[in-house]
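> give me a model of this one.
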Amino acid sequence: ERLTIPEGITADELFARVSDHPALVGALTVVNDQWLLLGRDWASHEGAFLAETYLWQQELSKDALLEKAHLSLLDALESAWTTADPIIHSILQSPYELLILASIVEKETALAIERPRIAGVFLERLKRNMRLQTDPTVIYGLGARFDGNLTRKHLREKTAYNTYRIDGLPPTPIALVGPDALEAVAHPDITGELYFVADGRGGHVFSRTLEAHNANVRKYQLKQ
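Residues are numbered from 1 along each chain as shown. Okay, here's the model as predicted:
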């Protein structure tokens, strides 16, 4: 039997998939807001499971599958943190911060080749004490109120996840990540670039200055 956890889904979406999986037995009991598993206290279950494909032959419970996915996440996160480029430890305070940033990178691009570059932009911004100003965190903070249309009003609203209004990282991850996003933050392309905008073809155009970024916004966003 198998279960694939897609990169970028939320923990709640994972719980729904696990609940509905015909080959997993038992009830889901590890799910609550103050999620405590294996003596580890996480502020949230968001981000606590590794997006991978899990295989099993013997009977497996829903809780055991989540435990497996959580331990896989802890292993991958520890590996990313301990092997990270030295500059990472001067910008980020902990493995959990690496996980939070990896979840933002995961939501910003579907292109694996772009992930280290997008991680580099966010790390450069953190290094310079600039706000991250990233839409996926705002959308996560809106929760069920998000209807697919992000407005200027949303960007002005002060939530714990609105990185246009808060300094630094949001309090928790915003999605489940795969190993590639963790590696992208551990080994980023830090080039001095501070901005990027969607190019309308699934990728992004990067820039170092606000002037160049605004020109890119006019060129790519207004065409859409």
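
> measure Ala51 to Glu106 for me?
From Ala51 across to Glu106, the span is 8 Å (CB to CB, to the nearest Å). Every residue, glycine included, has its C-beta placed from N, CA and C.

> what touches both of those two?
In terms of CB atoms under 8 Å, 6 or more residues apart in numbering, Ala51 and Glu106 are both contacted by the residues Glu7, Gly8, Leu176, Val177, Gly178.

> just the residues you listed: which are in helices?
Judged by DSSP state H, helices contain none of the shared contacts of Ala51 and Glu106.

> of those, which is the nearest to Gly148?
Gly148 lies nearest to Gly8 out of these, by CB to CB, at 16.1 Å.

> and the pLDDT at the closest one?
Reading off the confidence values, Gly8 has pLDDT 97.

> ok, Glu67 next?
88.

> from here on, call the first residue 227.
New numbering, starting at 227: the last item is Glu293.

> which non-adjacent residue is nearest the residue nearest to the spatial centre of the chain?
For the chain, the residue whose C-alpha lies nearest the mean C-alpha position (CA atoms, centre = their mean) is Ser329; its distance is 0.9 Å. Sequence neighbours aside, Pro399 is the residue nearest to Ser329 in space, at 3.7 Å (criterion: CB to CB, 6 or more residues apart in numbering).

> measure the one you found to Gln283 for me?
Distance of Pro399 to Gln283, given as CB to CB: 31 Å.

> quick one on the thing from earlier: quick one, which of Ala277 and Glu332 is more surrounded?
Neighbour totals were compared for Ala277 and Glu332, and Glu332 leads with 28 against 24 (other CB atoms under 10 Å).

> tell me the SS of that one?
Following DSSP: H, G, I helix; E, B strand; the rest coil, the label given to Glu332 is helix.

> for it, give me the pLDDT.
Listed pLDDT for Glu332 reads 97.

> could you list every residue that touches the residue nearest to the centre of the chain?
Each residue near Ser329 by CB under 8 Å, 6+ apart is listed here: Glu272, Gly273, Pro399, Ile400, Ala401, Leu402, Val403, Ala407.

> quick check: it is in a strand.
No: with three-state DSSP as the criterion, Ser329 is helix rather than part of a strand.

> can you tell me how far it is from His439?
23 Å.

> same question for Gln283.
Per CB to CB, Gln283 is found 52 Å from His439.

> higher neighbour count, these two?
The neighbour comparison of Gln283 against His439 (other CB under 10 Å) goes to His439, with 18 against 6.

> okay then, goodbye and thanks.
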